[in-house]
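Chemist: quick one: sequence and predicted model below, then my questions.
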Amino acid sequence: MNNGYFKIHRKIFESDIWLNPMELRLFIYLIGQARYSEEPYKQYERYDITINRGEYLRSYRNLADDLKYYHNNQIKKPSVTKIKRTVDKLEDQGRIETRKTRLGTVFRIVNYMEYQDLKAQNGTACNRVETGLKQACNNTVIKGNKGRANNNGDSDQDEKKSDPPKKYKKLFEYYCSKKHLINHRSFNPDYREAIQKAEKRYDFDFEDCKKIIDRHNELVKIAENSNIEALDNFKIRELDTLFGQGKYKGKGLICKDYKDDGDYYRRYLKNSTNNKSNILTGAELTRLRNKAEKTGHELIEGRDYMVKNGKYKLSKEGQEIKNKIEGEI
């Protein structure tokens, strides 16, 4: 089905779906693949399946193949689970309906016939469309903004539309600037979607998100240089995973653990003032040992410090000596 064209209302740019790349791609794909002819497709009647106008028969696995994309010069494919979650969202939003069959799932674009009718171009049917993109646009609510109209007939939502992308790009750059985190090559819309998910669930603002990034960076540093057994398999989280992925065998998102009442923060970060100063590089240890000799102190490996991953961690005794040296010099 590569011939002809289909219509998309300009209201799409004002719809909440515009901020959700996966939902947008899938929805547009289904509209484009849906049967346009008014004549039902009856090739699968022996399976009790009839494809009507505005419907499309496809398996979730094939949809995952259809929605491949390039990322970091590699072809990637969304998981079947992600496709199913996105379909569920589109159903909840009233954009599509589905029914299962022996050959796959039939996806129906709600009010497709009114929306794609050519005579709607003159405005007759378009004014009556209450679903799909236009319906979603009418239901879009931006937090803290009631959509007050200005003198140009546009709402003040339009004035703020450019702000979210800038905010998410800044958070992306802030994450990449951290020494112990992953330096992503380029901004991915998935990052924005993940942060929005965390914002919605935990009422995060810009500064809250920066704090989560700071705390994850700090815990990565601690895990790399500590002997804490519980952190042996600790993972560096990509930006979208940190904010958008659920906890393994737990409730909530991973970023929840870095909130003030979160598990990681309470167990490893809240009282980690010393953790920031008890990890030394080889050069730093050499300088400390030189200072120790000048003040009559001695640092002994195994008692005052331990070696791990090319770094040197001071023990409680070593930290006490360091504090004394700094107090005497």
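Modeler: Perfect, I can see it now. Numbers count the residues shown, from 1 in each chain.

Chemist: what's the distance between the closest residue to L269 other than its chain neighbours and K308?
Modeler: The spatially closest residue to L269, leaving aside those adjacent along the chain, is R215, at 5.6 Å (Cβ to Cβ, 6 or more residues apart in numbering). Heads up, the C-betas are built off the backbone N, CA and C, glycines and all. R215 sits at a distance of 22 Å from K308 (criterion: Cβ to Cβ, to the nearest Å).

Chemist: give me the more crowded residue out of those two.
Modeler: More crowded of R215 and K308, by other Cβ atoms under 10 Å: R215, with 22 against 13.

Chemist: which residues does that one contact?
Modeler: With contact set as Cβ atoms under 8 Å, 6 or more residues apart in numbering, R215 has these partners: Y258, Y264, Y265, L269.

Chemist: in helices, which of the residues you listed fall?
Modeler: Assigned to helices by DSSP state H, the following of the contacts of R215 qualify: Y264.

Chemist: which of the contacts of R215 lies closest to I321?
Modeler: Top of the list for closeness to I321, among the contacts of R215 and by Cβ to Cβ, is L269 at 24.9 Å.

Chemist: quick one: residues contacting the closest one.
Modeler: By Cβ under 8 Å, 6+ apart, the contact list for L269 reads R215, E218, L219, I222, Y258.

Chemist: quick check: it vs P40, distance?
Modeler: Separation of L269 from P40 (Cβ to Cβ): 61 Å.

Chemist: and for E298?
Modeler: In this structure, E298 and P40 are 89 Å apart, going by Cβ to Cβ.

Chemist: ok so, going back, save the contacts of R215 as a markdown table, and put in distance to D240 and pLDDT too.
Modeler: Output for these, formatted as a markdown table (distance: Cβ to Cβ, whole Å; pLDDT from 0 to 100):
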| residue | distance to D240 | pLDDT |
| --- | --- | --- |
| Y258 | 15 | 93 |
| Y264 | 18 | 87 |
| Y265 | 21 | 84 |
| L269 | 22 | 81 |
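
Chemist: for the contacts of R215, give me TSV that also has distance to T50.
Modeler: Rendered in TSV, the data for the contacts of R215 read as follows (distance: Cβ to Cβ, whole Å):
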residue	distance to T50
Y258	52
Y264	54
Y265	56
L269	59
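
Chemist: let me know the closest of the contacts of R215 to T241.
Modeler: With Cβ to Cβ as the yardstick, the closest approach to T241 among those comes from Y258, at 12.9 Å.

Chemist: ok, now which ones touch that closest one?
Modeler: If you count contacts by Cβ under 8 Å, 6+ apart, Y258 has them with K211, I212, R215, H216, L219, Y264, Y265, L269.

Chemist: and R35, by the same measure?
Modeler: R35 makes contact with Y41, I51, N52, R53, G54, E55, Y56, according to Cβ under 8 Å, 6+ apart.

Chemist: S186 too?
Modeler: Under the contact definition (Cβ under 8 Å, 6+ apart), the residues listed for S186 are N72.

Chemist: residues near H71, how many?
Modeler: Counted with other Cβ under 10 Å, residues neighbouring H71 total 11.

Chemist: which element follows the helix or strand that contains R215 toward the C-terminus?
Modeler: In this structure, R215 is located in helix 206-225 according to DSSP states H and E. Elements were assigned by DSSP H and E; along the chain past helix 206-225, the next helix or strand is helix 239-244.

Chemist: what helices or strands is that next one leaning on?
Modeler: In this structure, helix 239-244 packs against helix 163-176, helix 189-202, helix 206-225, with contacts taken as 3 or more Cβ pairs under 8 Å, 6 or more residues apart in numbering; DSSP states H and E.

Chemist: now do the last one against helix 163-176, angle only.
Modeler: Put plainly, it is helix 206-225. Relative orientation of helix 206-225 versus helix 163-176 (axes from the mean of the first three to the mean of the last three Cα atoms, to 10 degrees): 20 degrees.
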